[in-house]
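**Student:** below are the sequence and a predicted model; questions follow.
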There are 6 protein chains.
Amino acid sequence: MLLHLQTWPEVEAYLKKSTAIIIPIGSTEQHGPNGLVGTDAICGEAVGRKLGERTGTLVAPTIAVGMAQHHLGFPGSMTLRPSTLIAVVKDNVESLARHGFTHFYFVNGHGGNVAPFSAAFSEIYAEASLMRASNRPAVRCRLRNWYETAGVKAISRELYGDQEGSHATPSEVSLTWAVYPETQKPMKMSPEVAPRGEFTDANDYRRNFPDGRIGSNPGLSSIEAGKRLWEAAVSDLAGDLAAFVKMPA
Amino acid sequence: MLLHLQTWPEVEAYLKKSTAIIIPIGSTEQHGPNGLVGTDAICGEAVGRKLGERTGTLVAPTIAVGMAQHHLGFPGSMTLRPSTLIAVVKDNVESLARHGFTHFYFVNGHGGNVAPFSAAFSEIYAEASLMRASNRPAVRCRLRNWYETAGVKAISRELYGDQEGSHATPSEVSLTWAVYPETQKPMKMSPEVAPRGEFTDANDYRRNFPDGRIGSNPGLSSIEAGKRLWEAAVSDLAGDLAAFVKMPA
Amino acid sequence: MLLHLQTWPEVEAYLKKSTAIIIPIGSTEQHGPNGLVGTDAICGEAVGRKLGERTGTLVAPTIAVGMAQHHLGFPGSMTLRPSTLIAVVKDNVESLARHGFTHFYFVNGHGGNVAPFSAAFSEIYAEASLMRASNRPAVRCRLRNWYETAGVKAISRELYGDQEGSHATPSEVSLTWAVYPETQKPMKMSPEVAPRGEFTDANDYRRNFPDGRIGSNPGLSSIEAGKRLWEAAVSDLAGDLAAFVKMPA
Amino acid sequence: MLLHLQTWPEVEAYLKKSTAIIIPIGSTEQHGPNGLVGTDAICGEAVGRKLGERTGTLVAPTIAVGMAQHHLGFPGSMTLRPSTLIAVVKDNVESLARHGFTHFYFVNGHGGNVAPFSAAFSEIYAEASLMRASNRPAVRCRLRNWYETAGVKAISRELYGDQEGSHATPSEVSLTWAVYPETQKPMKMSPEVAPRGEFTDANDYRRNFPDGRIGSNPGLSSIEAGKRLWEAAVSDLAGDLAAFVKMPA
Amino acid sequence: MLLHLQTWPEVEAYLKKSTAIIIPIGSTEQHGPNGLVGTDAICGEAVGRKLGERTGTLVAPTIAVGMAQHHLGFPGSMTLRPSTLIAVVKDNVESLARHGFTHFYFVNGHGGNVAPFSAAFSEIYAEASLMRASNRPAVRCRLRNWYETAGVKAISRELYGDQEGSHATPSEVSLTWAVYPETQKPMKMSPEVAPRGEFTDANDYRRNFPDGRIGSNPGLSSIEAGKRLWEAAVSDLAGDLAAFVKMPA
Amino acid sequence: MLLHLQTWPEVEAYLKKSTAIIIPIGSTEQHGPNGLVGTDAICGEAVGRKLGERTGTLVAPTIAVGMAQHHLGFPGSMTLRPSTLIAVVKDNVESLARHGFTHFYFVNGHGGNVAPFSAAFSEIYAEASLMRASNRPAVRCRLRNWYETAGVKAISRELYGDQEGSHATPSEVSLTWAVYPETQKPMKMSPEVAPRGEFTDANDYRRNFPDGRIGSNPGLSSIEAGKRLWEAAVSDLAGDLAAFVKMPA
């Protein structure tokens, strides 16, 4: 169930049986020579929406621009400042909490989002924690990275071993190809496996990782792999979500 | 050309021939008994993307949650505070300006966005205006409402006359049906035409407009009308965009 | 009744019969070769205060510096950033709401204020809309441009036709002369009618409109016209205000 | 010279001989049983404008609403939050610095403004201090309380001794009567001299100072005294301003 | 009693007999040729903690970085922007108010903190003042400069006369030596007494006060003096604190 | 070398040989029945300062109040909101960068700080990333948890196995006892090992973890263990720091 394809009376009816909602989150940033700028948003959305279908959970609009300041040395990359992202998440959650939603399950496609979203959850909780009594209802937020479920990691290990890397990975590129087969760009990388390492700002990043990849070989990507990874992620997260909605808000 | 479906070298190539970008903006909010919560985002995105195709202009990810505080009395509605929206627009524009984009064309599906986006543009310009010399390149932003082009207004007048109204209009509902035919919900409204008037906050809005519509009769919606309106909007905006990109940044 | 000329027991007494207040808003910015930097604040204040007198409504201090970032290329122009203005309006309204004021009627002299004030009203309403129950009482805000009432537009059309323009207009210059006759600066403009067009930041504005005017010929200004316009504005707004205060907060 | 009564070419001419500007600041808050809500703004403005006349210095629009949270227990009082005030002062100064103004002389009528304006000046300076090189020109700000010049204190001691008090003083009430003789409200206070003490928020203030005064007897106010105080303040500040403008920016 | 050396059950027990807490505040900034960068934090903490011991009052962690933008021309100096400091003080007070603390006594070692902390207190109070009813309990804040108690001023006058000055004073340097005898750096200053005057930003400050001192001769510092000053400050503040905790929150 | 015990000429000399600085960070929050409220700040500071000594690196003042909103259900706990913490870290880093510091090494004692500090680093980097050219020099920030170095984890596994837990652990309590032996509170816990699990806000936390511990048995703490852990942390981090300072800023 996609929130944007419901009418308000349908959402009202949904709230009588569930107060949980899935929010896919991604990023819009370079993903190496053959990865799409929208890779992380496409993956978060694809997994989040299929998870919603499978579990009968409502899915909110994808937050497609995340925290990706380090990628701004490559054309097309976009970022929200962490402080902006905190405000965005707070407004998203408060809007839906107003209607009675209590459990917010963020399906994430981008490592750079983890810290600022976690900070945003704390900012939201802090409003309640800093008062003895609050006008707002209690909420519970959880972020899960689709690419770190047990099933996904087993497959990527099996298929790519240490050529998986950490940015512009064959796993995420494969998943985007499974979603948009017409965007396939098979390509031999040079070097085959990208350098590894740390980074600070966009200038430092571009200096260290000239084609945008980190430690990965997305030349290994395939639609077939993407389909398996997609299914594994949804299957693993379905169990996690089921446990999550049983926790008190 | 959708930004999220490009690689960064493709964006780099694009920037050699154009520094313009389209950003569809919408809202996620109630649209009456048979309108989708995502109506405004769907319309902004549908028009913006087809405009991108027709004119060869790159299209950034849709900003799907806008300023809709007045709709929060109806389940499923979401809002960003105006101050949050200002930060979001600023970060979107600054990100892309870093790469050399200079012309930002926002295709809007929601009246409530007009003021906060206009304020956001001023906030961006003010950074340059408040200094004699700025580190940031000059940019030019324009927002256009798809539902207010001459062609669209002619069709809606022809088809709906004074039953068009101003919220949950048959025009916008028709357009969403043209995009997602499976969401059609033909329905006789009661009363046929909704009340008109003003509103302040969400409580006031719900009191005045009990089913969410303002002055409209979306019972008149049809896929056929949606197709005509879509085409009219794109056609009108294509001319406007062509003029816009000729202006200096 | 001017708020600043009352004692607090007088305000307390006023609140027993009315909870409405007028807030004049303007701008401090260039107004062409012979218009005053304070034109918009002078006009907003002159109309707002006479409206207060005529209707027995309390008038708060004028917000004399508005959103005018685009005029900063001309000496003497001042601006608040939109985000600052949002905070200012919020504090003004919350202060007065604390005492029981419920209806805030902003008499505006500057087009650049319309979007940020509208955004500010939404920011205020959003506080209530984002909670099921709020600690703050409901309020209702309305902004009216003195120069767009029916009566004013009829007179300016009659007197100036298409030489009215949109910035440094003969109408607003006339009104300031009616208020401060000693500031009259009859002058032949060159060119007689200024260019029209759009603008972004202060650099762009100055490039396009070298003497500050847009589409206007303030060489046509006169005290006589100013007096007629002033009366027309007050008379039109008095009716509008009367309707406004009857609406629920 | 009042900024709002100049044209921009006149301001341009002024900047060739001086880059100093006076900004009157006040407050809109209760001033006891017979003091005006606008007392502090009226006094700051009256002294600031006469100082401008006497010294040929340009005078910007008065900031009429200051930091007065503690007075909000009395109808008609208004406040900006300190954080809002910081933003307002920053925007005022940056606007005028854009044109080449370097010396900002704030003539203040309200004790509650001292700390937040001082904090605001530090916020402005900090932008320069936190970088090795700044895009903004250096500025110098000074705030002076009209009621604390040597001449004013001598007169108030002579006339009122320990009945001067610290809020709703006979000195400030006298000055407002000198400016607006029609607002005179001779009145016997009860008790004659108000209690003294500290306060925190508006509830605490109202509990301690039931009619709004602190330590004062404004029953002693007179137009005659107001005229003497006005002149003394202007005369003292003229010397101070002359020394100020000689300091480097 | 130092908060950081208590367990939470001990704090719970403390709150049954007292709801007051001392918060030492200082600064981390240059203090001339032989003064420590941490002088103000060391002094605030030394006095605040001994005051806590003497009076049985709980002492919170020291806020060691204050508002010192003007010192940033000298290596090692640190500052918080006033707006940051307001947020910090608000969070400190709200955290502790949550547990039932009502009286916040700030022992300050740095003149530059006075305005921003005062502004911060107003920001905190304003939350209550701007609503008729607040969810937060009432609090009372007081800031005292250890170096301005009667006892301290008498000693510094006796020992240093007009060589005390206002920054990097022999009094504060002496106190740090009493606390950390191993940091003594007896030194003949050149010139013996530093220049006096005003300052704006860090560039202006360094230009006017080349070795960092203002009007002082810290060559006169001694451990012996430091001990006397320390005791005098604690003794004076103990009386002040006793009176403070008797006031209503 | 402790920054607060240096003079500014000493810091100036230091900068000629190193531009790295250590900033200890902790938290002020409940640590179970026998752990100190200051545990995390004490640990961060103890490890950070000894690391500074061992490596000849300057150590800035400890940030003693971190992000601990979830602990506010227990008396004495304090928090900064994540948004406040972002501002604090930004001001700390910008202050020191002004003097030429380029490498910021945060020694952390509190898990709740990891996300907001990481977000703060991104906020700082984003300033550079969002412009083509920045006025600020490049900086590099790293945060390390003392309790997660290889050496520390080996010891805690050896000594406590699965009674180490994740909050109020015997390891951190031991370390505080090594630092402040007089605060030892040997105690038998009940239950011996605390429950494990997740938490959201302070109310949820207190409900799930009634005495404040998570999964730990701090009844096993000892000064002896504290000394071993302290040394292991410093030794491990010394190697990490040496590698860090060799990276480009």
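**Tutor:** Structure received. Numbering: from 1, shown residues only, chains lettered A, B, ... in the order given.

**Student:** hmm, the host helix or strand of A:Glu127 in reach of chain B?
**Tutor:** Assigned by DSSP states H and E, A:Glu127 falls within helix A:114-129. No: between helix A:114-129 and chain B, judged by C-beta under 8 Å from any C-beta of the partner chain, nothing touches; the nearest distance is 11.7 Å. Every C-beta, even on glycine, is put in place using the N, C-alpha and C of the backbone.

**Student:** what packs against that helix?
**Tutor:** helix A:82-98, strand A:103-108, strand A:140-145, helix F:82-98, helix F:114-129, helix F:202-208 (3 or more C-beta pairs under 8 Å, 6 or more residues apart in numbering or on different chains; DSSP states H and E).

**Student:** buried stuff in it?
**Tutor:** Judged by neighbour count using 16 or more other C-beta atoms under 10 Å in any protein chain shown, the buried positions of helix A:114-129 are A:114-129.

**Student:** just flag the most distant two among the residues you listed.
**Tutor:** By the measure C-beta to C-beta, the buried residues of helix A:114-129 have their two most distant members at A:Val114 and A:Ala128, which lie 22.4 Å apart.

**Student:** what about whichever residue of chain A sits closest to chain E, how many neighbours?
**Tutor:** Nearest residue of chain A to chain E, counting by C-beta to the nearest C-beta: A:Leu130, 4.8 Å away. Per other C-beta atoms under 10 Å in any protein chain shown, the neighbour tally for A:Leu130 reads 22.

**Student:** apart from its neighbours in sequence, what residue is nearest it?
**Tutor:** With sequence-adjacent residues excluded and distances taken as C-beta to C-beta, 6 or more residues apart in numbering or on different chains, A:Leu130 is closest to E:Glu94, at 4.8 Å.

**Student:** who touches that neighbour in this structure?
**Tutor:** Under the criterion of C-beta atoms under 8 Å, 6 or more residues apart in numbering or on different chains, the contact list for E:Glu94 reads A:Leu130, A:Met131, E:Ile124, E:Arg136.

**Student:** again with A:Gly165
**Tutor:** Going by C-beta under 8 Å, 6+ apart, A:Gly165 touches A:Val193, A:Ala194, A:Arg196, A:Arg213, A:Ile214, A:Gly215, A:Ser216, A:Asn217.

**Student:** which helix or strand contains it?
**Tutor:** Element membership for A:Gly165, per DSSP H and E: none, as it lies in no helix or strand.

**Student:** so how far is stretch A:16-24 off the chain centroid?
**Tutor:** 17 Å (C-alpha atoms, centre = their mean, to the nearest Å).

**Student:** near chain E, which residues of chain A?
**Tutor:** For chain A, the contact set with chain E under C-beta under 8 Å from any C-beta comprises A:Ser129, A:Leu130, A:Met131, A:Arg132, A:Ala133, A:Ser134, A:Asn135.

**Student:** tell me which of those is nearest to chain B?
**Tutor:** Within the set of those, A:Asn135 lies nearest chain B; the separation is 14.2 Å, counting by C-beta to the nearest C-beta.

**Student:** let me know the pLDDT of the residue nearest to that closest one when sequence neighbours are not counted.
**Tutor:** Nearest-residue entry for A:Asn135: C:Met131, 5.2 Å, with adjacent residues in sequence omitted and distances by C-beta to C-beta, 6+ apart. Reported pLDDT at C:Met131 in the predicted model: 89.

**Student:** please apply the same query to A:Ile124.
**Tutor:** Confidence per residue is given as pLDDT, and for A:Ile124 that number is 97.

**Student:** and it, how far from C:Pro218?
**Tutor:** Shown here: A:Ile124 relative to C:Pro218, a distance of 53 Å by C-beta to C-beta, to the nearest Å.

**Student:** now A:Ala128
**Tutor:** Between A:Ala128 and C:Pro218 the distance is 57 Å, computed by C-beta to C-beta.

**Student:** and A:Ala202, by the same measure?
**Tutor:** A:Ala202 is 49 Å from C:Pro218, by C-beta to C-beta.

**Student:** got it, and A:Glu148?
**Tutor:** In this view, A:Glu148 and C:Pro218 are 66 Å apart by C-beta to C-beta.

**Student:** neighbour count winner among the two?
**Tutor:** Neighbours were counted for A:Glu148 and for C:Pro218 using other C-beta under 10 Å; C:Pro218 has more, 30 against 14.

**Student:** who touches the more buried one in this structure?
**Tutor:** C:His31, C:Gly32, C:Pro33, C:Asn34, C:Gly35, C:Ala168, C:Thr169, C:Pro170, C:Val173, C:Met187, C:Met189.

**Student:** thanks again, I'm all set now.
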